[in-house]
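Colleague: my questions are about this predicted structure, shown below with the sequence.
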Amino acid sequence: MDLVDPFGRTIRDLRISVTDRCNFRCTYCMPEEGMIWVPRSEVLTFEEIERLARIFVERFEVDGLRLTGGEPTVRAHLPVLVGKLAALRVPTHSASPRAGHSPDLALTTNGATFRLVAHELRQAGLDRVNVSLDTLRADRFLQMTRRDELVRVLDGIEAAKEAGFQPVKINAVMQRGVNDDEIVDLARFGRDHDVEVRFIEFMPLDASGHWASADVVTQDEIVAAIDEVFPLEQMTSRGAAPADRWRYLDGRGTVGVIPSVSKPFCGDCDRVRLTADGQFRTCLFATTEFDLLKMMRKGADDNAVAAEIQRAVGTKWAGHQINQVSFVRPKRTMSQIGG
Ligand code: SAM
Ligand code: SF4
């Protein structure tokens, strides 16, 4: 049965945060110190994640699962969870191209320790990987992530390719006056390494609360900068995917831009989210959460949990209002929600 929201959007994609902890402290995401972590006893167990994922995939025909965090690779035994999720089956009667098969399994990582788990994750059934990389300069990398790990992240990208992930994508958050002078360098990196770079507009989910619309480098600016050096041609409709995509006219691959702020794509949104502590959210910017962890631990059966998920999806709003005065920042930041 499809999970359809009040605006007729069918939910197809579940983002699962497996931890709120991280080995980096990116300035646009976390404070340097003072994060308050979810107590380990309140983090969903693998069995609980599997149970919820099963409801989404087998009952509601969700055919894409993305693991995120925090940094998902800091969660011990992550390949065990991937193996459990890879064993789920999208119903054969579903209209999904994955009908009868496992859901599409993806992971977003900062890449620093990815080499250590790449092969095991691939073996366990992970399909795709996005590695975050906002700068190619070591000194700037240290400033932006507060960790001196550029070399290991670049190695993590190579490890992802070697392990056979297809595609490997790079996520790059652009901030004006911070790293926007590297747009072309990052695009060149993608072309040279045969990976799709996806530029992301900076969103008001930073822990410092310093976000200002003037800091956002817009999709139009990013595309214009790349097009001047490497001419581009826009590809056809993105469907429910967040990135608009362009192909290089010389045939050297593609590049994407996620215009969350300048051109919100809420009208096509098919995503919902589960935080590490089992709170169900129908939008990255939602201000309401539904406590599935508590329900499950109180003994609710699958029918009751599924009914709560349907109730929650019934509250999914038309879209965020970042560009309007009525916008209210969610209480939790990106790493706590699961980006
Ligand atoms: N730790 C992993 C990583 O960094 O890839 C996964 C979690 S991270 C929260 C997921 C994505 O959100 C990353 O690509 C990160 O760059 C992005 N992100 C974090 N804070 C952001 C913000 N304020 N605006 C836009 N993107 C942000
Ligand atoms: Fe950690 Fe990812 Fe947030 Fe950076 S963006 S602090 S790597 S969760």
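Modeller: It's in. The structure displayed is predicted, hence computed values, not measured ones. Ligands and ions are numbered 1, 2, ... in the order given.
Colleague: C-alpha from now on. contacts and neighbour counts both.
Modeller: OK.
Colleague: residues in contact with the nearest residue to F290 once chain neighbours are set aside?
Modeller: Nearest non-adjacent residue to F290, counting by C-alpha to C-alpha, 6 or more residues apart in numbering: F280, 4.9 Å away. Counting by C-alpha atoms under 8 Å, 6 or more residues apart in numbering, F280 touches 272-274, 289-292, 309, 312.
Colleague: same check on A53?
Modeller: A53 sits next to L85 when contact means C-alpha under 8 Å, 6+ apart.
Colleague: pLDDT wise, what is it at?
Modeller: A53 is assigned 98 on the pLDDT scale.
Colleague: and it, what element?
Modeller: helix 46-54 (DSSP states H and E).
Colleague: buried ones in that helix?
Modeller: 46, 48-54 (16 or more other C-alpha atoms under 10 Å).
Colleague: same thing with stretch 253-273?
Modeller: Neighbour-count burial for stretch 253-273 flags 253-262, 264-266, 268-273 (criterion: 16+ other C-alpha under 10 Å).
Colleague: can you give me the strands in the stretch 101-250 of the chain?
Modeller: Using DSSP state E, counting those that start in this stretch, the strands of the stretch 101-250 of the chain run over residues 104-109, 128-132, 168-174, 196-201, 232-234, 244-248.
Colleague: output the ones you listed as JSON lines; include the columns distance to ligand 2 and mean neighbour count.
Modeller: JSON lines is the format used below for the strands of the stretch 101-250 of the chain (distance: least, C-alpha to the nearest ligand atom, whole Å; neighbours: other C-alpha atoms under 10 Å):
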{"stretch": "strand 104-109", "distance to ligand 2": "7", "mean neighbour count": "21"}
{"stretch": "strand 128-132", "distance to ligand 2": "7", "mean neighbour count": "23"}
{"stretch": "strand 168-174", "distance to ligand 2": "9", "mean neighbour count": "23"}
{"stretch": "strand 196-201", "distance to ligand 2": "12", "mean neighbour count": "25"}
{"stretch": "strand 232-234", "distance to ligand 2": "28", "mean neighbour count": "16"}
{"stretch": "strand 244-248", "distance to ligand 2": "21", "mean neighbour count": "19"}
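Colleague: could you dump the ones you listed to TSV with distance to V90 and mean pLDDT?
Modeller: TSV is the format used below for the strands of the stretch 101-250 of the chain (distance: least, C-alpha to C-alpha, whole Å; pLDDT from 0 to 100):
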stretch	distance to V90	mean pLDDT
strand 104-109	10	98
strand 128-132	18	98
strand 168-174	24	97
strand 196-201	27	97
strand 232-234	32	97
strand 244-248	27	96
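Colleague: just for the stretch 101-250 of the chain, where's the confidence low?
Modeller: Per-residue confidence for the stretch 101-250 of the chain (pLDDT under 70) gives no ranges below the cut-off.
Colleague: top of the contacts of F280 by neighbour count?
Modeller: Within these, most neighbours by other C-alpha atoms under 10 Å means L274, with 28 neighbours.
Colleague: correct me, but that residue touches L284?
Modeller: No: the pair L274 / L284 is not scored as a contact, 10.2 Å apart, by C-alpha atoms under 8 Å.
Colleague: what is the burial count for the closest residue to S208 other than its chain neighbours?
Modeller: Nearest residue to S208 in three dimensions, chain neighbours excluded: P31, at 6.4 Å (C-alpha to C-alpha, 6+ apart). Neighbourhood size, P31 [other C-alpha under 10 Å]: 14.
Colleague: is P31 within a helix or a strand, and which one?
Modeller: Counting by DSSP H and E, P31 is part of no helix or strand.
Colleague: so which residues on the stretch 201-339 of the chain come close to ligand 2?
Modeller: S335 (C-alpha under 6 Å from any ligand atom).
Colleague: ligand 1 contacts on the stretch 201-339 of the chain?
Modeller: Checking the stretch 201-339 of the chain against ligand 1 by C-alpha under 6 Å from any ligand atom, the hits are 201-206, 334-335, 338-339.
Colleague: what do you get for the stretch 51-200 of the chain?
Modeller: 68-71, 108-110, 131-132, 171, 173.
Colleague: in the stretch 51-200 of the chain, what residue comes closest to ligand 2?
Modeller: Closest residue of the stretch 51-200 of the chain to ligand 2, C-alpha to the nearest ligand atom: G70 (3.7 Å).
Colleague: who touches C26 in this structure?
Modeller: 144-146.
Colleague: in helices, which of these fall?
Modeller: Using DSSP state H, the members of the contacts of C26 that fall within helices are 144-145.
Colleague: with neighbour count added, can I get the contacts of C26 in JSON lines?
Modeller: JSON lines is the format used below for the contacts of C26 (neighbours: other C-alpha atoms under 10 Å):
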{"residue": "M144", "neighbour count": "20"}
{"residue": "T145", "neighbour count": "22"}
{"residue": "R146", "neighbour count": "17"}
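Colleague: endpoints of stretch 209-216, how far apart?
Modeller: Using C-alpha to C-alpha, to the nearest Å, the end-to-end distance of stretch 209-216 comes to 14 Å.
Colleague: er, stretch 277-288 actually
Modeller: 14 Å.
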